[in-house]
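Q: return atomic coordinates for the entry below.
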Amino acid sequence: MEEQVAEWARQELGLDPGTDVAVREKESNDPRCSPVVTELRIEAPGEPPFAFHIERPLAEVTQMDVLAAIAFGGH
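A: Numbers count the residues shown, from 1 in each chain. Model (predicted):
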């Protein structure tokens, strides 16, 4: 599932093949967030890394979740 989510992000952002997209599920300590979120971290050569999260466990993430997080700035 990690590879599929990374591919959706890669396609939507038009990333170069050399750009690393890491996907992981993690616990959230923020009471405003879901207890488990999926984080995407993007590292392009020569650029500062950036990350965003989707408020769902990895197994529940859909392509639309990735698109919405990119469009609306999931943090």
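Q: give me the contact list for the longest helix along the chain.
A: Looking across the chain with DSSP state H, the single longest helix is helix 2-13. Applying C-beta atoms under 8 Å, 6 or more residues apart in numbering, the set of residues contacting helix 2-13 from outside is 15, 19, 21-24, 38, 40, 42, 58, 61, 63, 66-67, 70. (C-beta placed from N, C-alpha, C; glycine too.)
Q: and residue 65, helix, strand or coil?
A: helix (DSSP: H, G, I helix; E, B strand; the rest coil).
Q: pretty sure it is touching residue 52, no?
A: No - if you go by C-beta atoms under 8 Å, residue 65 and residue 52 don't touch, sitting 11.0 Å apart.
Q: which among the contacts of helix 2-13 count as buried?
A: Buried members of those, scored by 16 or more other C-beta atoms under 10 Å, are 21, 23, 38, 40, 42, 58, 61, 66, 70.
Q: can I get those in TSV with pLDDT and distance to residue 9?
A: Shown next, in TSV, are the buried ones among the contacts of helix 2-13 (pLDDT from 0 to 100; distance: C-beta to C-beta, whole Å):
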residue	pLDDT	distance to residue 9
21	97	5
23	98	8
38	96	11
40	97	5
42	96	7
58	97	13
61	97	10
66	96	5
70	91	7
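Q: next, the contact list for the residue most central in space within the chain, please.
A: For the chain, residue 40 is the residue whose C-alpha lies nearest the centre (C-alpha atoms, centre = their mean; 2.7 Å). Going by C-beta under 8 Å, 6+ apart, residue 40 touches 5-6, 9, 21-23, 51-54, 66, 69.
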